[in-house]
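S.K.: 3D model of this:
(one chain, ligands or ions: 2)
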Amino acid sequence: PQTIYLKDYQVPDYLIHTVELNFTLDERRTQVVSRLSLARNPNSQSSETALVLAGENLKLIRIVLNDDQELTEADYHITPESLIIHDVPQQRPFTLNIENEINPKANTALEGLYLSNGMLCTQCEAEGFRKITYFLDRPDVMAKFTTTLVGDKDRYPILLSNGNLIAQGDDDNNRHWVTWEDPFSKPCYLFALVAGQLECLEDSFTTLSGRKVGLQIFVEQHDIDKCGHAMQSLKNAMAWDEQVYGREYDLDLYMIVAVSHFNMGAMENKGLNIFNTKFVLARPDTATDSDYEHIEGVIGHEYFHNWTGNRITCRDWFQLSLKEGFTVFRDQEFSGDRSSKAVKRIEDVNMLRTRQFAEDAGPLAHPIRPDAYIEINNFYTLTVYEKGAEVVRMLHTLLGSEGFRKGCDCYFQRHDGQAVTCDDFVSAMEAANGRDLNQFRRWYSQAGTPVIHVIENYRTDEKTLALTIKQHCAPTPGQPAKELLHIPITVGLLDKQGNAIPCNLQESATGNYEVILQLTAAEQTFTFTGLAEKPVASILRNFSAPVKLTMERSLDELAFLLSYDSDTFNRWEAGQQLVGQVITGLIVDSQQGRPLNLPPIIIDAFKRVLSQSWEDLSYFSLLLSLPSEGYLAEQMQVVDVEAIHKAREFVVRTLAEQLQPELEALYLDNHRDESGQFDAGAIGRRRIKNVSLSFLSRLGNEKVQQWSTQQFNTANNMTDQIAALANIVNYPHPAKQECLTLFYQKWQQEALVIDKWFAIQASSPMPDAFATVVSLTAHPAFDLGTPNRVRAVIGSFTQANSLHFHAVNGQGYEFLANHVIALDILNPQVASRMLGPLTSWRRFDPTRQNLMKTQLERVMNSPSISRDVYEVASKSLM
Ligand code: B3K
Ligand code: ZN
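M.R.: Ligands and ions are numbered 1, 2, ... in the order given. This next block holds a predicted model:
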């Protein structure tokens, strides 16, 4: 397979101004007629005159040039990926009418036009439009689309595409047709169509300037009672973008369609978003609090793309983070404003540090703006999305809210209607703020997580605290030497009583209680003055940069920060470090066969947290949560999943024993909230109650087992029911099988709830987990053709059950390879994602390394391997 390089970018040789599409819909034989108006691009740098249109799996019927000249086989050439027309007008615009046929039913890759539960729908990003018709399938070719859909009235009563409905009528043979026109020029990756039997929830939103926008959410009939939260989320997002960014919606209609078969979360097609049902459907009894939060976040994300992605799009796919990093930053801030900023930030950082840091340290590490790819679908990564959002957040930190907003306004004003680069975004920030961000730009081109090392030096005689900060970044594949980055480090100081004290830097005494240090050199010293006693420094507040911070910290100092830091992120982080340091020690003890002991300082720290009164119960529950096994694995040279599990479980169990009365009281105080409401208060109560129950479940006592069964049987909301079931499944419980059966029978009609049923069992730490997973893949409700189900079973086992996936006999690895090979034939995108856990083989002991490599090689050597899987497997073996 061929590698595509950013350095080879060339403007398109031809441009498409308008597209008229006509679809005659049929499950097996959809006819596509496309009329393109084209012209040679005056900026083309090439002497090549042939017109090369992208197209895959298409049956070409006919091509007509300028309405009168039907092309013959001598005029063009077809390859598996393209249609090459040798001779087209160079001096004046021309038209092409292309007719082709496609088979949506055979499309199991779920890219292009495909079938989901009888409904026809599309996914075109990144390069799916070429599976619909021949086109210049690249984001810098932007055209006006008019789309007519013709279909059977009974099978396809609803016919949707982008923009506004401009005409409709009846046809012969019980068919009807609808024409949609999108007034905004767009790249073809934003094209969408949907046809099927759908129910619709309708509402409206009046924009700041007084325009009324119709809002419609389309779902399968039985799901119409689960759309209310998505609709409310959409309205919240629309209002938020007006308030925070001054951005209004631009069409008269905003449609969302939920489909059961979807490779990713959702897609921001202009005026017609298509969503995985998982990010639309919610009813208190079927969806958890975190489902509700994710729905609001993803609805917001896709809505925000209308400005950051659609109105201004990417010049080429290397610039993906231009729209994704920025839009993730926007959705993070939106979610934080809607619920708890502190909790949202911690959740985002947690995911970044466990998963994106691992990606950035592994064989597939790449900059947020990659230089090369084989299959672009492999680059919708945590790095492009989450690290990309951190880079935008650093700009926000460096420029301040007002400066950042000025930069955004400049970006929107300069580039509306264009396809641009990450560099254009940074330039707008510079121009609006009179700043030089040249060194900062390196964040876009350099992979790897920088390590920041801090050394403190307090001088009594001078009353100063000097912080010497060093930066270093280890080599990553293809980048042996690293350049110095511009890193914002937010710092605060605390006195012995835990009060904030002014941070007066030697060169600028502002009297502020917080300062943003600008680290630009390999090593810099920042000196704070006027400090009569040695303060405690709180460093990298709010996680002001995506780095690893190393610093000598005593357990006492960490416990102090856990009690007093006014920065909610660093307060939580101090607790994580405190427990993390102890668990790290216990891992070594466990590896060397020493008895495990929990130092009293940990129990005291938890006691203190438990004895305080907390307004934000979600935040409180995060303070009580231990670093995850994944995060602990990240801290180890050689990952030892058994020792990690053993040490961490020891700490949780010991805390449960030592704090049993407090945890029981916490459970009993909060467990009677059965309102099923979704305000922050109720969510917090459920969260803290379920954290307590999870601690107590480790004790294996009958009283707690009964609490779980009781909660499972009487819960009126999915959060409580699934939390109870998780405890019943994860720890010995006499009613395990009975509860699992009951749950399945109750929810078998609700695919998203059944996904939870599969996922819980697949991620259980109980010794029979592997046998269970194998039997789950033989369950009648398991289906390799449904990505959500594949993720629930195979994804949960391989990504959320390290203990059993990494069993030293290699059965977990072989299981994954078997499924990836089978899945790759159906759906390369999902197969390639599932392969992920095997790519981290270098992190394990030699025995496991060999077992993992053997399976990766097996995958590599399987016949008819896709480009997607080939790229991931080959790069990880390199
Ligand atoms: N832009 C889409 C992702 C498309 C993935 C293509 N493999 C969803 C999003 O980020 O909003
Ligand atoms: Zn996105």
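
S.K.: in which helix or strand would I find Asp203?
M.R.: strand 199-206 (DSSP states H and E).

S.K.: Which strands and helices lie in contact with that strand?
M.R.: If you count contacts as 3 or more C-beta pairs under 8 Å, 6 or more residues apart in numbering; DSSP states H and E, strand 199-206 packs onto strand 212-219, helix 228-245. Every residue, glycine included, has its C-beta placed from N, CA and C.

S.K.: List the buried residues of that strand.
M.R.: Within strand 199-206, the residues that qualify as buried are 201, 203, 205, counting by 16 or more other C-beta atoms under 10 Å.

S.K.: How about stretch 816-830?
M.R.: Neighbour-count burial for stretch 816-830, counted by 16+ other C-beta under 10 Å, picks out 816-817, 819-821, 823-825, 827-830.

S.K.: which one of those sits closest to ligand 1?
M.R.: Comparing those against ligand 1 with C-beta to the nearest ligand atom picks out Gln829 as the nearest, at 6.1 Å.

S.K.: Run the chain-centre distance for the helix or strand hosting that closest one.
M.R.: Here Gln829 sits within helix 828-834, counting by DSSP H and E. Put simply, helix 828-834 sits 15 Å off its chain's centre (C-alpha atoms, centre = their mean, to the nearest Å).

S.K.: what about whichever residue of the stretch 651-800 of the chain sits closest to ligand 1, how many residues close to it?
M.R.: For the stretch 651-800 of the chain and ligand 1, the shortest gap (C-beta to the nearest ligand atom) falls at Pro787, measuring 11.5 Å. By other C-beta atoms under 10 Å, 25 other residues sit near Pro787.

S.K.: Let me see the contact set for the nearest residue to it once chain neighbours are set aside.
M.R.: Leaving aside its chain neighbours, Pro787 sits nearest to Val830 (4.9 Å; criterion: C-beta to C-beta, 6 or more residues apart in numbering). Shown in contact with Val830 (C-beta atoms under 8 Å, 6 or more residues apart in numbering): 110, 263, 787, 790-791, 823.

S.K.: picking that back up, just checking: what are the partner strands of the strand holding Asp203?
M.R.: Applying DSSP bridges, strand 199-206 is found paired with strand 212-219 (antiparallel).

S.K.: And for the strand it pairs with, what's in contact with it?
M.R.: Residues contacting strand 212-219 (C-beta under 8 Å, 6+ apart): 158, 160, 194, 198-207, 226-227, 230-231, 234-235, 238, 249, 251-258, 277, 280-281.

S.K.: what do you get for stretch 643-652?
M.R.: Taking C-beta under 8 Å, 6+ apart as the rule, stretch 643-652 contacts 579, 582-583, 586-587, 589-591, 596, 598, 602, 626-627, 629, 632-633, 636, 695, 698, 765, 802-803.

S.K.: low-scoring stretches of this structure, by residue?
M.R.: For the chain, the stretches flagged by pLDDT under 70 are 673-674.

S.K.: which other helices and strands contact the longest helix along it?
M.R.: Counting residues, the longest helix found in the chain (DSSP state H) is helix 388-415. Secondary structure elements in contact with helix 388-415, counted by 3+ C-beta pairs under 8 Å, 6+ apart, are helix 320-338, helix 422-433, helix 442-445, strand 487-494, strand 515-519.

S.K.: Neighbours of Gln592, how many?
M.R.: As a burial measure, Gln592 scores 8 neighbours (other C-beta under 10 Å).

S.K.: Now do the strands in the stretch 151-300 of the chain.
M.R.: Here the stretch 151-300 of the chain has its strands, by DSSP state E, counting those that start in this stretch, at 158-161, 164-170, 175-186, 193-196, 199-206, 212-219, 253-259, 266-267, 272-276.

S.K.: Nearest to ligand 1 among the ones you listed would be which one?
M.R.: strand 266-267 (4.9 Å).

S.K.: Each with direction, which strands does the closest one pair with?
M.R.: Paired strands of strand 266-267, with direction, are strand 272-276 (antiparallel) (DSSP bridges).

S.K.: what angle separates the strand it pairs with from strand 253-259?
M.R.: Calculated by axes from the mean of the first three to the mean of the last three C-alpha atoms, to 10 degrees, strand 272-276 forms an angle of 20 degrees with strand 253-259.

S.K.: Strand 272-276 and ligand 2 in contact?
M.R.: No - on the criterion C-beta under 5 Å from the ion, strand 272-276 is out of touch with ligand 2, staying 10.8 Å away.
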